[in-house]
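Peer 1: just coords:
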Ligand SMILES: Cc1cc2nc3c(=O)[nH]c(=O)nc-3n(C[C@H](O)[C@H](O)[C@H](O)COP(=O)(O)OP(=O)(O)OC[C@H]3O[C@@H](n4cnc5c(N)ncnc54)[C@H](O)[C@@H]3O)c2cc1C
């Protein structure tokens with residue numbers, strides 16, 4: 001579907017309207033209880049927003065990445081925590097480019113209808129960390145199936161997803177020509193696997209993120225669930241990463257805009273020494289500075305998305321968009337907390353929750369240092385540092 005700026009405005013309005021039906025108390029409560037926001041995810045699914053990237057021929061809206069970015073930005077800008085569901089958009093980059101026609105026909109229409117959730121993405125492992133080529137989870141072919149053994153960590157939303165995209169080694173790192181060869185992507189039917197080789201253990205964190213550890217113990221995955229060619233999985237994941245970086249960038253821009261609006265309103269209204277605190281340049285300038293950083297980041301997110309939509313190379317822009325936006329949202333969160341003084345720490349202002357939530361994006365799904373290392377090596381031609 002061709003989406004013009006005008007349509008993006010309509011999409012933004014519709015998403016904002018939906019988000020407004022979930023008051024801040026809803027987010028406070030789910031955060032307090034570390035409860036998955038099922039009602040919110042259901043509402044977004046029923047409205048079709050979570051399957052917006054699924055092509056029309058498979059029952060989705062067939063929107064482009066810029067529209068998905070606008071949707072996620074609006075969710076975050078409303079004060080909500082979109083981390084509960086963003087992965088369905090993140091994973092589409094890999095699914096649309098590398099799943100077979102049969103796999104697409106099997107899963108995409110049901111995802112579009114909201115019958116299946118593809119919210120889990122199992123890459124990170126405890127001993128490998130950022131060095132993905134060191135993963136140890138192994139999938140060994142036995143006839144018409146693969147037998148998977150190993151462990152993932154930080155597999156978010158695993159308990160709330162029907163299927164997972166899993167990266168596993170199908171050849172040991174030592175035997176591969178390149179260390180990134182020999183890894184493969186699988187579609188795992190988590191509901192069928194649970195209790196039959198798949199165990200999920202929640203991890204309690206400083207944010208409400210439904211993240212988990214996942215254990216594979218002789219889990220059998222049908223060979224037809226292999227995505228693309230065996231051994232080429234790392235490339236398939238990389239292919240999806242530019243889209244993921246752009247979408248996170250958009251979420252961070254949304255967070256930053258929420259912090260800026262919240263801080264501006266408070267700085268205008270709160271009076272100390274007989275005048276609004278926003279009259280003091282020590283309060284006003286950090287808000288202006290953050291606004292500037294956010295607008296610059298938003299331009300880079302837009303530029304990266306435009307290149308992606310034209311199928312042009314966009315690695316540097318996507319990485320810069322993610323980092324500039326993550327830095328802007330963290331700067332905005334810090335500024336907003338400071339603007340609120342002591343009240344910034346009170347749950348009822350929502351600042352402390354958003355402050356915690358936006359901090360994640362400087363670490364995951366890729367930490368800022370790794371983006372700098374990418375720019376250093378691939379864009380500037382500096383020596384490889386990792
Ligand atoms: C809440 C949460 C949700 C997550 N959800 C998912 C998920 O759904 N699926 C999934 O697969 N993963 C997920 N992750 C994992 C996330 O992608 C990783 O935490 C992240 O990539 C960093 O890896 P690590 O934690 O192993 O850090 P490490 O790799 O151990 O790195 C630790 C620190 O060292 C720095 N560092 C490491 N190597 C270098 C280097 N060469 N140069 C400079 N600095 C370096 C890093 O920048 C980082 O600051 C999640 C993480 C969190 C916290």
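Peer 2: Sure thing, it's come through. Owing to the predicted nature of the structure, the values given are computational and were not obtained by experimental measurement.
Peer 1: residues from this protein in reach of the ligand?
Peer 2: Neighbours of the ligand within the chain, by C-beta under 6 Å from any ligand atom: 121-124, 129-130, 154-156, 205, 209, 211, 360, 363-367, 369-370, 373, 385-386. Bear in mind the C-beta positions are built from the backbone N, C-alpha and C, glycine included.
Peer 1: pull out the buried residues from these.
Peer 2: 121-124, 154-156, 209, 211, 360, 365-367, 373 (16 or more other C-beta atoms under 10 Å).
Peer 1: possible to save these as CSV with pLDDT and secondary structure?
Peer 2: Shown next, in CSV, are those (pLDDT from 0 to 100; DSSP: H, G, I helix; E, B strand; the rest coil):
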residue, pLDDT, secondary structure
121, 95, strand
122, 97, strand
123, 97, coil
124, 97, coil
154, 98, coil
155, 98, coil
156, 97, coil
209, 97, coil
211, 97, coil
360, 98, helix
365, 93, coil
366, 94, coil
367, 95, coil
373, 97, helix
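Peer 1: would JSON lines of those residues with distance to residue 261 be doable?
Peer 2: Converted to JSON lines, those look like this (distance: C-beta to C-beta, whole Å):
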{"residue": "121", "distance to residue 261": "31"}
{"residue": "122", "distance to residue 261": "36"}
{"residue": "123", "distance to residue 261": "34"}
{"residue": "124", "distance to residue 261": "33"}
{"residue": "154", "distance to residue 261": "31"}
{"residue": "155", "distance to residue 261": "33"}
{"residue": "156", "distance to residue 261": "27"}
{"residue": "209", "distance to residue 261": "24"}
{"residue": "211", "distance to residue 261": "28"}
{"residue": "360", "distance to residue 261": "21"}
{"residue": "365", "distance to residue 261": "26"}
{"residue": "366", "distance to residue 261": "28"}
{"residue": "367", "distance to residue 261": "28"}
{"residue": "373", "distance to residue 261": "34"}
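Peer 1: okay, and for the chain, where does confidence drop off?
Peer 2: 1-6 (pLDDT under 70).
Peer 1: look up how far residue 367 lies from whichever residue of the stretch 51-200 of the chain sits closest to the ligand.
Peer 2: The stretch 51-200 of the chain approaches the ligand most closely through residue 129 (2.8 Å), counting by C-beta to the nearest ligand atom. Distance of residue 129 to residue 367, given as C-beta to C-beta, to the nearest Å: 9 Å.
Peer 1: quick check: the gap between residue 340 and the ligand.
Peer 2: 25 Å (C-beta to the nearest ligand atom, to the nearest Å).
Peer 1: let me see the contact set for that residue.
Peer 2: Neighbouring residues of residue 340 by C-beta atoms under 8 Å, 6 or more residues apart in numbering: 263, 266, 349, 351.
Peer 1: which pair of the residues you listed spans the longest distance?
Peer 2: 263 and 349 (10.8 Å; C-beta to C-beta).
Peer 1: of those two, who's got more company?
Peer 2: residue 263 (27 against 18; other C-beta atoms under 10 Å).
Peer 1: just to check, the more buried one is in contact with residue 333?
Peer 2: No - Residue 263 lies out of contact with residue 333 (C-beta atoms under 8 Å); the separation is 9.7 Å.
Peer 1: and residue 150, which of the three is it?
Peer 2: Following DSSP: H, G, I helix; E, B strand; the rest coil, we place residue 150 in the strand state.
Peer 1: an error on my part: the question was meant for residue 221.
Peer 2: Residue 221 ends up strand, using three-state DSSP.
Peer 1: how about it, nearest residue that isn't a chain neighbour?
Peer 2: Distance criterion C-beta to C-beta, 6 or more residues apart in numbering; nearest residue to residue 221, sequence neighbours excluded, is residue 146 at 4.8 Å.
Peer 1: ditto for residue 154
Peer 2: residue 124 (4.8 Å).
Peer 1: who's in contact with the one you found?
Peer 2: Counting by C-beta under 8 Å, 6+ apart, residue 124 has contacts 132, 152, 153, 154, 155.
Peer 1: hang on, the residue of the stretch 51-200 of the chain closest to the ligand in a helix?
Peer 2: No - Residue 129 sits outside any helix when classified using three-state DSSP, being coil.
Peer 1: now the phi/psi pair for it, please.
Peer 2: phi 60, psi -140 (degrees, to the nearest 10).
Peer 1: could you pull up the residues touching it?
Peer 2: Contacts of residue 129 (C-beta under 8 Å, 6+ apart): none.
Peer 1: isn't residue 201 right up against residue 213?
Peer 2: Yes - between residue 201 and residue 213 there is a contact under C-beta under 8 Å: 4.6 Å.
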